[in-house]
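Chemist: I would like to see how this sequence folds:
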Amino acid sequence: MPVCVISTVGTSIFSQANKDIQERWREFEKLTEVDLDPICNLKIKDFKGRDLYHMTLEVLRAQSNDIAAVRRASAELNSLSRIIEDEDTNHRLTFLATDTSDGALAARIVADFSAEFFKIPADQVKLYRIKGLQVRDGRSFRRDGVRNLIAKIFDALDEAKSPTYDRVLNPTGGFKSAVPYLTVIGMTEENVRVSYIFERSEELISLKKLPIQLDLDQLLPFYQVIQKAEQEFVPEAEMLKALRLNSREDLINRPIWPLLDQDTDNDKVVYSINGLGVIALRYLREKEKLKRSNVYLSKAAYDTYSKLDSTQQTHVGKLLKQMGNKNWRDNQKSEVHGAIIAKPHDDFRFFFFEKEDGSVLIAEIVRHSDRSYERLREGPKLKLEDYPRLMMWE
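Modeler: Here you go, the predicted structure:
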């Protein structure tokens, strides 16, 4: 079976090289304003650091007949040479470079040499720069580096579906602070294993999926705010209001707490999701896709919508799309008035019916600001038979 190996890459290709390469490496890593994109584009042959690139690559090529020397050359090659047990033109190699000049150059060398050494077609070897994956700025590492790393790993896994590929995460090289996230993915994702080798050890350690999983049902009530915390910093007051909590202590005792990073912005406490939150959000999105309901508008609802201006229609359209999400609907329910009332912390309100086939019928779209909500709520109870379906909301 062809193997798909996703490897994080460090700089051991330089640190374990001869003295001349190490000296060139130290000079190169001092350079500023190095454009990393050409280095990480395997089709581009001209980039800053190409002299060091060619020098290192030639040494590797000269040692290519000695497997022991190849394994000593870098952590990534040491593990890859044990993971890839046969020649197969369908093998896939994905390398993830740090957001540093020497990290990107090291990854380019390892990627190009691996394509030659393991005889893998060029289109089956990928190299990606992970923006923010560096250690100079801890906030950028948490906010951007970890998230971009996790997103790219899942992208690579999606491109190599199981059971077509034996999918392997290889965190032997690169920042050790990234290892826990790859391990969590390997433990929770179907048909993925984590293979790791310690420095110059000869034994490859492989960890397959364990019988553990994230408790998504407990996390579903927090789905919307987790999504928002992925896109932006959420002020503490807004976070507490969205979750209908009174204090930070209440938040700490909720299942969402391990998924959050706490920070400050203009002296105010704000939250964003951490690496575990990014992983959980992926699985929550997959679960939500399976629970999405068809949303229909009645004539009354459509007439109200059609009279709104374009900005209001765009806003209401987003809310109507959310109405297809059962978890979101459940979080917005306020009371029953024949139909169910959804109050999405907004000027707009929806009176709706949940049908036996799982679909949702929006009976009335009303507003708090023009008192149409109060008038309808205080009037006779709504009846389903008075609201036939007019159209499906796409």
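Chemist: any weak-confidence spans in the protein?
Modeler: 199-201, 210-211, 289-291, 345 (pLDDT under 70).
Chemist: And for residue 362, the neighbour number?
Modeler: Other residues near residue 362 number 28, with proximity taken as other CB atoms under 10 Å. (C-beta placed from N, C-alpha, C; glycine too.)
Chemist: So it belongs to a helix, correct?
Modeler: No - Residue 362 is assigned strand when assessed by DSSP: H, G, I helix; E, B strand; the rest coil, not a helix.
Chemist: Contacts only, for the closest residue to it other than its chain neighbours.
Modeler: Spatial nearest neighbour of residue 362, excluding adjacent residues (CB to CB, 6 or more residues apart in numbering): residue 301 at 4.4 Å. Going by CB atoms under 8 Å, 6 or more residues apart in numbering, residue 301 touches 350, 362, 363, 364, 365, 390.
Chemist: Now flag whichever of those is closest to residue 164.
Modeler: Nearest to residue 164, judged by CB to CB, of the contacts of residue 301 is residue 362 at 42.5 Å.
Chemist: Pull out the buried residues from stretch 362-378.
Modeler: Across stretch 362-378, burial judged by 16 or more other CB atoms under 10 Å covers 362, 363, 364, 365, 366, 367, 372, 373, 376, 377.
Chemist: Can you list the helices and strands that the host helix or strand of residue 39 packs against?
Modeler: Applying DSSP states H and E as the criterion places residue 39 in helix 36-40. On a contact count with 3 or more CB pairs under 8 Å, 6 or more residues apart in numbering; DSSP states H and E, helix 36-40 meets strand 92-97, helix 101-117, strand 125-129.
Chemist: Just send the ones you listed back as a markdown table, with distance to residue 240 too.
Modeler: Formatted as a markdown table, the helices and strands packed on helix 36-40 follow (distance: least, CB to CB, whole Å):
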| stretch | distance to residue 240 |
| --- | --- |
| strand 92-97 | 36 |
| helix 101-117 | 40 |
| strand 125-129 | 37 |
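Chemist: Could you provide these in TSV, with additional columns for distance to residue 238 and mean neighbour count?
Modeler: Compiled in TSV, those are given as follows (distance: least, CB to CB, whole Å; neighbours: other CB atoms under 10 Å):
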stretch	distance to residue 238	mean neighbour count
strand 92-97	34	26
helix 101-117	37	24
strand 125-129	33	20
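Chemist: Could you point out the helix or strand that follows the helix holding residue 39?
Modeler: Next along from helix 36-40, by DSSP H and E: helix 50-62.
Chemist: Can I get the helix or strand hosting the residue nearest to residue 362 in CSV, CA atoms only?
Modeler: Assigned by DSSP H and E, residue 301 belongs to helix 299-306. The C-alpha trace of helix 299-306 is given here as CSV (Å, rounded to 0.1, in the frame of the first residue of the first chain):
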residue,chain,number,x,y,z
LYS,A,299,-45.3,33.5,2.3
ALA,A,300,-45.5,35.8,5.3
ALA,A,301,-41.8,35.3,6.1
TYR,A,302,-40.8,35.8,2.5
ASP,A,303,-42.9,39.0,2.2
THR,A,304,-41.1,40.5,5.2
TYR,A,305,-37.7,39.5,3.9
SER,A,306,-38.3,41.0,0.5
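Chemist: Distance from the chain centre to that helix, please.
Modeler: Remark: helix 299-306 is offset 37 Å from the chain centroid, using CA atoms, centre = their mean, to the nearest Å.
Chemist: Repeat that for stretch 145-162.
Modeler: Relative to the centre of its chain, stretch 145-162 is centred 7 Å away, using CA atoms, centre = their mean.
Chemist: secondary structure class for residue 174?
Modeler: coil.
Chemist: Kindly provide the distance from it to residue 8.
Modeler: Residue 174 sits 3 Å away from residue 8 when distances are taken as CB to CB, to the nearest Å.
Chemist: Equivalent analysis for residue 280, please.
Modeler: Distance, residue 280 to residue 8, using CB to CB: 21 Å.
Chemist: who's more crowded, the two?
Modeler: More crowded of residue 280 and residue 8, by other CB under 10 Å: residue 8, with 28 against 25.
Chemist: My guess is that one contacts residue 182. True?
Modeler: Yes - counting by CB atoms under 8 Å, residue 182 is a contact partner of residue 8 at 7.2 Å.
Chemist: Common neighbours of these two, please.
Modeler: Common neighbours of residue 8 and residue 182 (CB under 8 Å, 6+ apart) are residue 171.
Chemist: hmm, back to that, which one of the helices and strands packed on helix 36-40 lies closest to residue 198?
Modeler: The closest approach between residue 198 and any of these, judged by CB to CB, belongs to helix 101-117 at 18.3 Å.
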